[in-house]
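Colleague: Take this sequence and fold it.
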Amino acid sequence: MKRKDGKRFRGADMLYTIAPFIMDKRCDGCNAVTVHLPYERMQQYIADKRKEGIQMSYMILLIAAYVRTVAKYPALNRFIVNKRIYSRNELIVAMVVQRADGAEGTMSKLNLSLTDTIFDINRKVETFVNSNRSEDSNKTDSLMRNLTKFAWLLPPAIAVLKWADKHGMLPKAVIDASPFHASMVISNLASIRTNHIYHHIYDFGTIGQIITMGNLVSVPKERNGAVVLEKQIPLGVMCDERIASGFYYSKCFREIQTLLNHPELLEQPPLQVVTD
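Modeller: I've put the predicted structure just below:
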């Protein structure tokens, strides 16, 4: 049966076709890495945009760089279910949004396009955050609330959802509401003055990467024969290695760093979008 959120990808190397049979759980294929972002360049860009009357954040820059990288490296948007590799139909970023008046945060998802510019993403995220802060609930909240109404039904209900997901029978409405079905999850831990962490990737669902942004760090760098301390934004990245090699991921991380050293590149749509 065809999945509602992706199509089978059959162009993988033999090693990556076999890998899901050897590492049948997503947690088996998890690799963790720290990626440092150029704080000073990002800060300057944000300050320049503020002078133009445009409010931006480090999170917006990171999401925009991620989206642009997926446009060049489509494997980032693949996923594995039931030992099969799929290309995702959409580009979906999941994140936690804090409610107004200090209420408990909510997990929700944002649909983006591979052709989005940083201005498009800034507008979409602003609308997304405002909507989730002001509303009493969203699709994810409603799904969680319905699942927990009757505690004794929770184990069989979760078992049915897992079985349906494994066999491509999960309804699109459930996929759209599920926080476990997304291209990646991003969390700004620096907003609560916390260091970055390496968050586990869930076996249920289709998440390929979880990225956390932590407190600023000072990294020693050599400049003109002297060692200086450079402020950088650390990311804790957990990724599913079964969808791409370490070499492929390293190229993706370098692409993100390059884009954030030159954020103006994100102001225009990509010249080319590579798809599966």
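Colleague: Run through the stretch 51-200 of the chain and note the low-pLDDT ranges.
Modeller: 98-105, 133-139, 141, 143-144 (pLDDT under 70).
Colleague: residue boundaries of the helices in it?
Modeller: Taking DSSP state H, counting those that start in this stretch as the criterion, the stretch 51-200 of the chain contains helices spanning 58-72, 118-134, 139-147, 154-166, 172-177.
Colleague: residues near residue 166, how many?
Modeller: Other residues near residue 166 come to 14 when the count uses other CB atoms under 10 Å. In this view, the C-beta of every residue, glycine as well, is placed from N, C-alpha and C.
Colleague: Spatially, what comes nearest to it if we skip its sequence neighbours?
Modeller: residue 82 (4.8 Å; CB to CB, 6 or more residues apart in numbering).
Colleague: in terms of contact, does the one you found touch residue 170 like I think?
Modeller: No. Assessed by CB atoms under 8 Å, residue 82 is found out of contact with residue 170, at 11.7 Å.
Colleague: And those two? Which one has more around it.
Modeller: Comparing residue 82 with residue 170 by other CB under 10 Å, the one with more neighbours is residue 170, at 22 against 12.
Colleague: who touches that one in this structure?
Modeller: By CB atoms under 8 Å, 6 or more residues apart in numbering, residue 170 lies in contact with 3, 4, 161, 164, 178.
Colleague: Write the PyMOL selection for whichever of those are buried.
Modeller: This is how PyMOL selects the buried members of these, with burial counted by 16 or more other CB atoms under 10 Å:
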select buried, resi 3+4+161+178
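Colleague: How far does stretch 6-26 stretch from one end to the other?
Modeller: With CA to CA, to the nearest Å as the measure, the ends of stretch 6-26 fall 17 Å from one another.
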